[in-house]
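1. Give me coordinates for this.
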Amino acid sequence: MEKDDRPKPEPNGDSLEFWEGIKSHQILVQKCSSCGLLRFYPRILCPKCLSDQFNWIPCSGKGRIYSYTTIYRPPLPAFAEFVPYTIALIDLEEGIRILSQVEGNPDSIAIGVRVSVTFEDFWKKIALPKFRLADQ
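-> Numbers count the residues shown, from 1 in each chain. Here you go, the predicted structure:
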């Protein structure tokens, strides 16, 4: 196994359950127990009603590209072997937006294109959510 120097996520109290879900290959988001709002990124209070009561629910992992950019120059040497790669804002079917990498030919990626989640088992006990074009 080659050394991977890419930065690694650092789960904390608010995001630990999210990263445990990703490790199990599912996207978990918080659902407010008071008003029902789904929220991502994980946080202690609901931004709508300020309740601190919530449950974690799984998402389908299906959505559409809201916006994207393709990276041609690596921001760090650890990313050099991965360029070009595409980072996108994904609107999931459940109504939340998540930032992630979209795998595939950058010329095939466009706003509004359907995508579905895939997972990269990344480093020891960490996985990363990524997306691929739904037709692939």
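
2. Which parts of the worst-scoring helix or strand of the chain on mean pLDDT count as buried, going by neighbours?
-> When each helix and strand of the chain is scored by mean pLDDT, DSSP states H and E, strand 114-123 comes last, with a mean of 91. With burial defined by 16 or more other CB atoms under 10 Å, the residues of strand 114-123 counted as buried are 115, 117-119, 122. (Each C-beta comes from the backbone N, C-alpha and C, glycine too.)

3. Out of the residues you listed, which comes closest to Gly104?
-> In terms of CB to CB, no member of those lies closer to Gly104 than Val115, at 9.1 Å.

4. That closest one and Ser60 touch, don't they?
-> No - counting by CB atoms under 8 Å, Val115 stays clear of Ser60, with 11.3 Å between them.

5. Name the residues contacting each of these two.
-> By CB atoms under 8 Å, 6 or more residues apart in numbering, Val115 and Ser60 have no common neighbours.

6. List the contacts of the least confident helix or strand of the chain.
-> 4, 6, 8, 22, 25, 27, 61-65, 88, 90, 100, 102-103, 127-135.

7. quick revisit: can I get the buried residues of strand 114-123 in JSON lines including distance to Gly95?
-> Output for the buried residues of strand 114-123, formatted as JSON lines (distance: CB to CB, whole Å):
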{"residue": "Val115", "distance to Gly95": "16"}
{"residue": "Val117", "distance to Gly95": "16"}
{"residue": "Thr118", "distance to Gly95": "21"}
{"residue": "Phe119", "distance to Gly95": "22"}
{"residue": "Phe122", "distance to Gly95": "27"}
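
8. what's the neighbour count on Gly21?
-> Neighbour count for Gly21, taken as other CB atoms under 10 Å: 19.

9. quick one: what helix or strand has it in it?
-> helix 16-23 (DSSP states H and E).

10. which helices and strands does whichever helix or strand comes after that helix pack with?
-> Note on helix 16-23: by DSSP H and E, the next helix or strand toward the C-terminus is strand 28-32. Counting by 3 or more CB pairs under 8 Å, 6 or more residues apart in numbering; DSSP states H and E, the packing neighbours recorded for strand 28-32 are helix 16-23, strand 38-39, strand 54-58.
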